[in-house]
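>>> Please work out how this folds:
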Amino acid sequence: MGSRVVRTRDERGVAFPSPLVMLSIVAVAMAGLAFAVTSGDVESDVARPVTVEATPSATPSPSATRAPRPSEPRTSRTPAPVERSEVLVEVYNNSGIAGLAGTTADTAATAGWQVVGSDNWVGTIPSSTVYFPPRLERQADTLAKDLGVTRLMPAVAPMRFDRLTVILTADYA
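Numbers count the residues shown, from 1 in each chain. As a prediction, this is how the structure comes out:
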């Protein structure tokens, strides 16, 4: 009998890149193209003030005899007042003092805020804080002043991002 030769099959082949790799390649190529297009002399694109030196002339020109135009008064736009009744507020007690959230919620409601709830907060908060989503930062500042809270912070999960969240600690009482 003859000896049998066993050959192993060579399984080399071409593996196509995953969509994520292809997307990355396209993103890098687009970034390179954007850099190449915009990498010109940046200062040439910036408007520079023009300095004109006046030379005295024997006869004044009509434009030189005109009185200078008074500069227009600058009006500073003051932001619209905070509409307390349009802002949702939740008040939480993190102090262990019974009823603190409820009485503070009543104080906020009396000031015109739309208080939608009060409860206890479980967690560690360093001091009484008004938490706000980015679009309500001005309103948070007003609420903090109304309640006498000095700490303001951006809202974090699990807080709701459509309202202000007040968490009270023992320093508030």
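>>> Val87 contacts Leu136, correct?
Yes - counting by Cβ atoms under 8 Å, Val87 touches Leu136, with 6.6 Å between them. All C-beta spots, glycine's among them, are computed from the backbone N, C-alpha and C.
>>> shared neighbours, these two?
By Cβ atoms under 8 Å, 6 or more residues apart in numbering, Val87 and Leu136 have these common neighbours: Arg163, Leu164.
>>> residues near Arg77, how many?
Neighbour count of Arg77, defined by other Cβ atoms under 10 Å: 5.
>>> actually Gly123, not the one I wrote
8.
>>> how about the strands of this structure, start to end?
Secondary structure of the chain (DSSP state E): strands at 88-93, 114-120, 129-132, 151-154, 164-168.
>>> Comparing the ones you listed, which comes out most buried?
strand 164-168 (a mean of 26; mean count of other Cβ atoms under 10 Å).
>>> between it and strand 88-93, how many degrees?
Using axes from the mean of the first three to the mean of the last three Cα atoms, to 10 degrees, the direction of strand 164-168 lies 10 degrees away from that of strand 88-93.
>>> what residues does strand 164-168 touch?
Residues from elsewhere that reach strand 164-168 (Cβ under 8 Å, 6+ apart): 87-95, 100-101, 104, 108, 121, 125, 128-132, 136, 139-140, 143, 147, 149, 155, 159.
>>> Brilliant, that's me finished.
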